[in-house]
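Novice: generate a structure from the sequence data that follows.
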Amino acid sequence: MPPPLPVRSVLDLSLVAGGLPLAISIAGAAAAVFLAWPRGRRWLRPAVLVVAVAVLLPAVAALVLNVLWRPTPDVLPARLFVWSGVAIAAVLAGVVAARRGGRDTRLLVVPAVVLVLATSGVKVNAIYGYYPTPRPLLGLADPNALDPARVPHRTGTAVAPVRWVAPPDLPDRGAVLDLPVPAPVSGFAARPALVYLPPAALVPGAPRLPVLVLVAGQPGAPRDWLTAGRLAAVLDVFAAARRGLAPIVVVPDATGSTFANPLCVDSPRGAVETYLRRDVPDWIRARFDVESDPRHWTIGGFSYGGTCALQLAVRAPEVYPAFLDIGGQDEPSLGTRDQTVRALFGGDDARFRAVNPADLLRARRYDGVSGTVVVGSEEGDDVAKSARLVDLARSSGMQVRHLVLPGGHSWAVATAALQLALPDIAARTGLP
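Specialist: Residues are numbered from 1 along each chain as shown. Okay, here's the model as predicted:
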């Protein structure tokens, strides 16, 4: 695993591991004991009712979300529903305690319920790592945020990174901003993209830089790479060791809305593939001083975004000859293969195979394409599935690394994967 990112203030403390979540969990356990303590001779009946409701409601939610509705292609883990049940039980137990306890008990009920809810929140957050620090949880602006009016534009005269000399006033951190990416070719209705500009891109005479296109998960939004993936912090550390040099990172919207799942293909749900292989690269080249040679371009992503990255690498290797697949599926999916083919491909399995990476890797050669496939060690069958996909990629001529990192299907793994992949991206794209 890479070293931890620097902590500049209490707002950068980890909410996923370490002292802060441990302290919350200990306090929550003590509060749970207080709420569950027997009160009165007829305590057993309300206690049974509390437990029954706390079990039944999460069970119904699991049935709806994992079987009937399936808003995400990945099955939601049991731990999510268990800790939801704990939160429900805490609220109901608090009501019982407030009604049956004395004055002192009533005074302590609300703080106790809050502590158990906080513990449940910490445990659920640990599954995905969506709030890695207090800053995004509190909705605070990222310290790297930049006014779009101050964004440097393409000059057309930028030099290669190896010839660039860092000025004395080089910023110590990069900048992030939201910018709309037009879609003249695809017509895809995308939300604004997130852009990270390294320190070297923020000064006069900035060099031409390589490009990393990242795709977020589903459900989600481009800013997830900033808040949950800690994109700016990772790139700032990377750039600090390289005279402010790092890739320009663009996180386009590849779904259209939070819960939409167009599978990163051109379909009635939107021409996502065309958007990512035509509109996004054209806009980046026109807007920023970047290396135009595709060999300096990489596409990556987490979960849905990882699947999407591999899809673009096999469908458009002339645009993205390198990829970073973090926690992606072994094939684009809306559930089962049959459900996917019926929903987006009109029941035509041949149309699905034409965009499915595994089928394309068996049928074509991809010499010159390189990539990294990352999976969390706790992802069960997905570890073996990713290994089989890597074997297929290597048999097609690709040069592919396979990394199994500690953890599950979480943004903590995605952050670590990005840290580990950046040196290879730099070496391949010509950064010193």
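Novice: make it CA atoms for all contacts and neighbour counts henceforth
Specialist: Will do.
Novice: quick check: Val195 is in a strand.
Specialist: Yes. Val195 sits within a strand when classified using DSSP: H, G, I helix; E, B strand; the rest coil.
Novice: mind checking the SS state of the closest residue to it other than its chain neighbours?
Specialist: For Val195, ignoring the flanking residues on the chain, the nearest one in space by Cα to Cα, 6 or more residues apart in numbering is Val250 at 4.6 Å. At Val250, secondary structure determined by three-state DSSP is strand.
Novice: is Val250 in contact with Leu214, as I believe?
Specialist: Yes. Using Cα atoms under 8 Å, Val250 makes contact with Leu214 at a distance of 6.2 Å.
Novice: what about those two, which has more around it?
Specialist: Neighbour count, other Cα atoms under 10 Å: between Val250 and Leu214, Leu214 has more, with 28 against 25.
Novice: so which strand or helix has the more buried one?
Specialist: Taking DSSP states H and E as the criterion, Leu214 maps to strand 211-215.
Novice: show me what that strand is packed against.
Specialist: Contacts defined by 3 or more Cα pairs under 8 Å, 6 or more residues apart in numbering; DSSP states H and E place strand 211-215 against strand 248-251, strand 297-302, helix 304-315.
Novice: could you check how far the residue nearest to Val195 is from Pro281?
Specialist: Separation of Val250 from Pro281 (Cα to Cα, to the nearest Å) stands at 10 Å.
Novice: how about the strands in the stretch 51-200 of the chain?
Specialist: Remark: strands assigned in the stretch 51-200 of the chain by DSSP state E, counting those that start in this stretch are 175-179, 193-197.
Novice: which residues does the first one contact?
Specialist: Spelled out, it's strand 175-179. Strand 175-179 is contacted by residues 144-148, 192-199, 202, 232 when judged by Cα atoms under 8 Å, 6 or more residues apart in numbering.
Novice: do stretch 387-399 as well
Specialist: Identification of contacts with stretch 387-399 by Cα under 8 Å, 6+ apart yields 330, 358, 361-362, 364-371, 373, 400-402.
Novice: mind listing what's buried in stretch 235-254?
Specialist: 235-240, 243-254 (16 or more other Cα atoms under 10 Å).
Novice: what is the burial count for Tyr320?
Specialist: Counted by other Cα under 10 Å, the residues lying close to Tyr320 total 28.
Novice: let's verify it: helix, strand, or coil?
Specialist: Judged by three-state DSSP, the three-state class of Tyr320 is coil.
Novice: run the chain-centre distance for the longest helix along the chain.
Specialist: What stands out as the longest helix in the chain, according to DSSP state H, is helix 103-128. The chain centre lies 27 Å from the centre of helix 103-128; the measure is Cα atoms, centre = their mean, to the nearest Å.
Novice: so that it lines up with my notes, have the first residue be 627 from now on.
Specialist: Right, with 627 as the first residue, what we last looked at is helix 729-754.
Novice: list the buried residues for that helix?
Specialist: Buried positions in helix 729-754, judged by neighbour count with 16+ other Cα under 10 Å: 731-732, 734-735, 738-754.
Novice: what's the answer for stretch 697-709, then?
Specialist: Under the neighbour-count criterion of 16+ other Cα under 10 Å, stretch 697-709 has 697-700, 706-709 buried.
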